[in-house]
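Task: produce atomic coordinates for the following.
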Amino acid sequence: MSMSTPTSYALLPAIRAFFVLQILSASLFMLIVIAAVVSHIRGLERRNATFYSFCAAWIIYGFSFSLLVLAGQPPWKGDPEFKLCFAQVTLIYMAPLVTISTTLALLLHLLFEILCAVVEIKLAQKWRRWRSFAPLLVLIPWTIAVIASIAFAVYSSQHRDLVALSNRRTFCKLHGSTIQLVSPIYSTIGSAIIILVEALVAALMYRHWDIVSRNGSSMFIRAVIFTVTIAVSTGIAAKYSSTATPSIGFDIGLATLPLIAAILFGSQKDLFLAFVFWKDSEKLNSTRRNSIGSVDGNTCLTSHMMNIDSESMAETSTISSVGR
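From the prediction side, this is the model:
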């Protein structure tokens, strides 16, 4: 599609908006990671590895879809080089897989911690044995990402004629290939599992609401909202990165939902307080609330990784720390 046509000029603002939204969402997630690290250094919150893995996945997601602009070859100036298009194809079909996987891992971490806190003591002792598998919640999603990247790279190199800019001129894709169905199928299955896990988390939190409410109910509300947002975003991304629909509106939706997730996920009090350097961290600790993805060193899954005796866990403090 030549950018000299009237239709192309009409689409140009929307195309540019797509890239702005993608870069902005990825940048916000980078800022969230920086704020989380500063919060850790200042002793406000220490977040678990699944949190950082989750943020990293969405950073890659945003920069993958905006690769053409970042590489200095915006699509409104002409078709990108094959090598750049090839690289983007490899990334954008992998990105939905790793975002859905890290989202599921984060929720499973939350579910395991809640189960450790609320089940009977004898059962809890047995359940805590699963904490040795906590590193797998980080390892498995990125193993899937590496395998998927290699598979898409090999396939794209063998079918160079299918690699080209999408009809909407927003990103490169594989045209007319069944392998592009891997992402939407995986994302659909993953989203269904996420909904199931979220339902279990919600049921446990509702059943033990007296514990949850003592530590702030916003943790529960955030968990529900950001999970729904991420599931929808990943599903749209996977579906429309593999179709030839001419509507730019789908691409705008693809870029808007991660931004909403970043804003929701980053609007946690300790992340803002991390940069309040003129106040003592001990005073800030007395005012902070629950934060998604944080640990306090005594949760079921993380106590093993941090060499802390899980027997010393208190029910209230465990619930307080999970899902932050």
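
okay, CA-based contacts and neighbour counts for the rest of this
Will do.

Pull out the CA atoms of stretch 22-42 and give them to me as CSV.
Taking only C-alpha atoms (Å, rounded to 0.1, in the frame of the first residue of the first chain), the coordinates of stretch 22-42 have been written out as CSV:
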residue,chain,number,x,y,z
GLN,A,22,3.2,0.7,22.2
ILE,A,23,6.4,2.6,23.2
LEU,A,24,4.6,4.4,26.0
SER,A,25,3.3,1.2,27.6
ALA,A,26,6.7,-0.5,27.3
SER,A,27,8.4,2.6,28.8
LEU,A,28,5.9,2.7,31.7
PHE,A,29,6.7,-0.9,32.5
MET,A,30,10.4,-0.1,32.5
LEU,A,31,9.6,2.8,34.9
ILE,A,32,7.6,0.3,37.1
VAL,A,33,10.7,-2.0,37.3
ILE,A,34,13.0,0.9,38.2
ALA,A,35,10.5,2.1,40.9
ALA,A,36,10.3,-1.5,42.2
VAL,A,37,14.1,-1.8,42.5
VAL,A,38,14.3,1.6,44.2
SER,A,39,11.5,0.5,46.6
HIS,A,40,13.5,-2.6,47.4
ILE,A,41,16.7,-0.6,48.0
ARG,A,42,14.9,1.8,50.3
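
mind listing what's buried in that stretch?
22-33, 35-40, 42 (16 or more other CA atoms under 10 Å).

The stretch 101-250 of the chain: helices as residue ranges?
Listed in chain order, the helices of the stretch 101-250 of the chain (DSSP state H, counting those that start in this stretch) span 121-127, 136-158, 182-207, 209-214, 218-240, 248-266.

Among the buried residues of stretch 22-42, name the ones in helices.
If you go by DSSP state H, the buried residues of stretch 22-42 have 22-33, 35-40 in helices.

worst average pLDDT in the helices of the stretch 101-250 of the chain?
Taking the mean pLDDT of each of the helices of the stretch 101-250 of the chain, the lowest value is held by helix 121-127, a mean of 55.

quick one, phi psi at the residue nearest to Ser247 when sequence neighbours are not counted?
With CA to CA, 6 or more residues apart in numbering as the criterion, Ser247 has its nearest non-adjacent residue at 7.2 Å, and that residue is Arg168. Main-chain torsions, Arg168, degrees, to the nearest 10: phi -90, psi 0.

and Arg168, how many neighbours?
For Arg168, the neighbour count with other CA atoms under 10 Å is 22.

do you know how far it is from Phe250?
Computed with CA to CA, to the nearest Å, the distance linking Arg168 and Phe250 is 10 Å.

what's the burial count for Thr102?
Count around Thr102 with other CA under 10 Å applied: 26.

Which pLDDT value belongs to Ala57?
Per-residue confidence for Ala57 comes out at a pLDDT of 94.

can I assume it is in contact with Val98?
Yes. Taking contacts as CA atoms under 8 Å, Ala57 lies within contact range of Val98: 6.0 Å.

Which one's more surrounded, the two?
When neighbours are counted by other CA under 10 Å, Ala57 and Val98 differ, and Val98 comes out ahead with 28 against 24.

The nearest residue to Pro80 once chain neighbours are set aside: what secondary structure?
Closest residue to Pro80 in three dimensions, ignoring its sequence neighbours and counting by CA to CA, 6+ apart: Gln73, at 5.9 Å. Reduced to three states with DSSP: H, G, I helix; E, B strand; the rest coil, the structure at Gln73 is coil.
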